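Undergrad: Structure of the sequence below:
(one chain, ligands or ions: 1)
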Amino acid sequence: MGLSDFAQATLDAPADADLPLAFHGTIIHSLTPQQVEIIEEGLIIVGSNGIITHFHKNLPLDKLDSFLVEHDFTPGSLNIQMLKRGEFLVPGFVDTHNHAPQWAQRGIGRGQLLIDWLNKTTFPHESKFKDHDYAWRTYTSCVKGFVRQGITTACYYGSFHGPATKILADICQKLGQRAFVGKCNMNRNAPDYCRDMTVEESLESTRDFIDHVRRIDPNFELVTPILTPRFAISCDGEVLAGLGQIAAEQPDLPIQTHFDEAEQEMEVTKQLFPEFKSEADLYDHFGLMTDRTILAHCIFCGEYEMQRIKERNCGVAHCPISTSTGGFFGVAPIREYLRREIKVGLGTDSGGGYSSSILDAMRLAFVISNARATATKGKDPELSLQEGFYLATLGGAQVCGLEKKIGNFGEGKIFDALLIDTVSDKYRGIIAPIEDEDSTETIFEKFLMTADDRNIVDVYVKGRQIK
Ligand SMILES: O=c1[nH]c(=O)c2nc[nH]c2[nH]1
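TA: Residues are numbered from 1 along each chain as shown. Got it, this is the predicted structure:
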């Protein structure tokens, strides 16, 4: 694509970081689970507050200058980027399930059953976060690592340590990543070196953590505290009730936990809470099933639980990397969730998941859905490319209750976005080469199926470039 006179004059002017941003060229985003909109000659303008002020879906290059003049822009009043063939904007990726303290243990302990993996691999590792220097170092590397993968919003479980979890929140705020951050509640069934020693300690450090985030980000513009009972095996009834009380007092708080994730886990949960016939009833009893609740995995939900999830409007974090490489091959019924219009997004589940990439999570979601399509003889058809992209972006935003703000593009929405380059030599990695005859649809498909973080050139949160 050539440059308009306006763009040339703008590029010749000295750069000013506070100017509104503008992009002209290909813009791709989801409208619904089945509908991806590919705009070839689009224009997005982003105000210095990070809000999209103009979104034009059909503006040929020869009309660009007059459009800008009509809208009172003068050369040099915008930082404008003209996207060439093979470059495009997509919404930032949303990681709906991620254990920040497991950043350095990704890939370790594959094939173990959940509770063995927690005891042998995970708890010894998470206990290291009592060391604040280690927390600063590791969480900085973690947040930078996820930003590099284009994750503009991450839902992080912290460890049980309040101070280290505050460090994680501070780092997200400083590095500019949108994040839900939770101090992990766990007061039983973990070694003493890796648990809250009393109910009071567990709840007190949760309240203290929430207060900290309210101080550093009073309107939750970037960082939001999230209530994080690890799962019912590691929280007794008093802790769950205390968290339910906090949720009732502070209804702006989201909640996250693991749900129906493994037969071993479900068996132990039943033994600990025999009074409930399902995990839905258990968490609901404690006031933890709300329209802000994110349930990770949801592999074994039957009719009753699906109905409760739908009634309560909880979201599902689908984490195919971890569920396909743990001690059994867990196949979540994602097609059924989509059919029922239950909110679903993707999670890396780092470090149960070996990869920090949502592109990898999406590809594994295709593999798993293919397995399910085969097992159900086509009754649950495999996920389409459009659905995979939706789960990675707008679906994830819905799970987080953020779909009015982020997840796709529109005037008044916040500009959380990725600039993708599939063609420059500098960014050539494992991506399938783009050929002259490739349509934009084909280029987009090659990106989704074969690209990696090298092709994610710029990462914007609230209009700020953070990669
Ligand atoms: O994938 C998982 N990772 C965890 O750390 C965890 N804890 C409870 N259940 C879990 N599942």
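
Undergrad: Could you use CA atoms for every contact and neighbour count after this?
TA: Fine.

Undergrad: Residue numbers of the protein in contact with the ligand?
TA: Neighbours of the ligand within the chain, by C-alpha under 6 Å from any ligand atom: 230, 231, 258, 352.

Undergrad: which of these sit farthest apart?
TA: With C-alpha to C-alpha as the measure, no two of the residues of the chain next to the ligand lie farther apart than 231 and 352, at 15.0 Å.

Undergrad: Neighbour count: these two, which is higher?
TA: Using other C-alpha atoms under 10 Å, the more surrounded residue of residue 231 and residue 352 is residue 352, with 27 against 22.

Undergrad: Tell me how far that one lies from residue 158.
TA: Using C-alpha to C-alpha, to the nearest Å, we find residue 352 at a distance of 14 Å from residue 158.

Undergrad: In JSON lines, list the residues of the chain next to the ligand along with secondary structure, distance to residue 6 and pLDDT.
TA: Below are those laid out as JSON lines (DSSP: H, G, I helix; E, B strand; the rest coil; distance: C-alpha to C-alpha, whole Å; pLDDT from 0 to 100):
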{"residue": "230", "secondary structure": "coil", "distance to residue 6": "54", "pLDDT": "98"}
{"residue": "231", "secondary structure": "coil", "distance to residue 6": "56", "pLDDT": "98"}
{"residue": "258", "secondary structure": "strand", "distance to residue 6": "52", "pLDDT": "98"}
{"residue": "352", "secondary structure": "coil", "distance to residue 6": "50", "pLDDT": "95"}
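
Undergrad: Residue 103 in helix, strand or coil?
TA: Assigned by DSSP: H, G, I helix; E, B strand; the rest coil, the conformation of residue 103 is helix.

Undergrad: For the helix or strand harbouring residue 337, give the mean pLDDT please.
TA: In the assignment (DSSP states H and E), residue 337 maps to helix 334-339. For helix 334-339, mean pLDDT is 97.

Undergrad: for the stretch 1-150 of the chain, what spans make up the strands?
TA: Ranges of strands within the stretch 1-150 of the chain are 21-32, 35-46, 52-56, 79-82, 87-91, 93-99, based on DSSP state E, counting those that start in this stretch.

Undergrad: mind pulling up the phi and psi values for whatever residue of the stretch 301-450 of the chain ends up closest to the ligand?
TA: Across the stretch 301-450 of the chain, the shortest distance to the ligand (C-alpha to the nearest ligand atom) belongs to residue 352, at 4.9 Å. Note on residue 352: backbone dihedrals following degrees, to the nearest 10 are phi -60, psi -40.

Undergrad: Surely it is in contact with residue 322?
TA: Yes - with contact defined as C-alpha atoms under 8 Å, residue 352 and residue 322 form a contacting pair (5.0 Å).

Undergrad: related to what we said a few turns ago, and the residue of the stretch 301-450 of the chain closest to the ligand, what does it touch?
TA: For residue 352, the contact set (C-alpha atoms under 8 Å, 6 or more residues apart in numbering) comprises 102, 106, 107, 110, 321, 322, 326.

Undergrad: hmm, 7 Å instead?
TA: 106, 322 (C-alpha atoms under 7 Å, 6 or more residues apart in numbering).

Undergrad: Same check on residue 407?
TA: 91, 393, 394, 397.

Undergrad: Which single one of the residues you listed is nearest to residue 415?
TA: For the contacts of residue 407, the nearest to residue 415 is residue 91 (7.9 Å; C-alpha to C-alpha).

Undergrad: Quick check: that closest one vs the ligand, distance?
TA: 26 Å (C-alpha to the nearest ligand atom, to the nearest Å).

Undergrad: Of the strands of the stretch 1-150 of the chain, which stretch is the most buried?
TA: Among these, strand 93-99 has the highest mean neighbour count (mean count of other C-alpha atoms under 10 Å), at a mean of 30.

Undergrad: what residues does that strand touch?
TA: Identification of contacts with strand 93-99 by C-alpha under 7 Å, 6+ apart yields 150-158, 296, 317, 345-351, 358, 392-393, 396-397.

Undergrad: Paired strands for it, with orientation please.
TA: In the sheet, strand 93-99 lines up against strand 151-157 (parallel) (DSSP bridges).

Undergrad: Touching the partner strand from outside, list them.
TA: Residues outside strand 151-157 that contact it (C-alpha under 7 Å, 6+ apart) are 92-100, 177-184, 228, 416, 461.

Undergrad: still on that earlier bit, kindly reformat the strands of the stretch 1-150 of the chain as CSV containing mean pLDDT and distance to residue 248.
TA: As requested, the strands of the stretch 1-150 of the chain are arranged in CSV below (pLDDT from 0 to 100; distance: least, C-alpha to C-alpha, whole Å):
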stretch, mean pLDDT, distance to residue 248
strand 21-32, 98, 32
strand 35-46, 98, 36
strand 52-56, 97, 34
strand 79-82, 96, 45
strand 87-91, 98, 32
strand 93-99, 99, 22
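
Undergrad: Let me have those strands in TSV, extended by distance to residue 310.
TA: Formatted as TSV, those follow (distance: least, C-alpha to C-alpha, whole Å):
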stretch	distance to residue 310
strand 21-32	18
strand 35-46	22
strand 52-56	32
strand 79-82	42
strand 87-91	26
strand 93-99	18
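
Undergrad: all helices for the stretch 201-350 of the chain, in order.
TA: 237-249, 263-272, 279-285, 303-312, 320-325, 334-339 (DSSP state H, counting those that start in this stretch).

Undergrad: The ones you listed: which one's closest to residue 6?
TA: Set against residue 6 and scored by C-alpha to C-alpha, those come closest in helix 334-339, at 45.0 Å.

Undergrad: List the residues that contact the closest residue in space to residue 132 that isn't next to it in sequence.
TA: Using C-alpha to C-alpha, 6 or more residues apart in numbering and skipping the chain neighbours, the partner closest in space to residue 132 is residue 164 (6.1 Å). Residue 164 makes contact with 129, 130, 132, 135, according to C-alpha under 7 Å, 6+ apart.

Undergrad: what's the farthest-apart pair in the residues you listed?
TA: Greatest spatial distance among the contacts of residue 164 (C-alpha to C-alpha): 130 and 135, at 7.7 Å.

Undergrad: which of the two has more neighbours?
TA: Higher neighbour count among residue 130 and residue 135: residue 135, with 21 against 17, using other C-alpha under 10 Å.

Undergrad: Which pLDDT value belongs to the more buried one?
TA: Predicted confidence (pLDDT) for residue 135: 98.

Undergrad: pLDDT value on the residue lying closest to it once chain neighbours are set aside, please?
TA: Nearest non-adjacent residue to residue 135, counting by C-alpha to C-alpha, 6+ apart: residue 129, 5.4 Å away. If you check residue 129, the pLDDT there is 98.

Undergrad: Isn't residue 129 up against residue 138?
TA: No - Residue 129 lies out of contact with residue 138 (C-alpha atoms under 7 Å); the separation is 9.0 Å.

Undergrad: The two - which one has more neighbours?
TA: Between residue 129 and residue 138, residue 129 has the larger neighbour count (other C-alpha under 10 Å), namely 23 against 19.

Undergrad: can you count the residues close to the closest residue to residue 233 other than its chain neighbours?
TA: Leaving aside its sequence neighbours, residue 233 sits nearest to residue 269 (C-alpha to C-alpha, 6+ apart; 5.7 Å). Neighbourhood size, residue 269 [other C-alpha under 10 Å]: 20.
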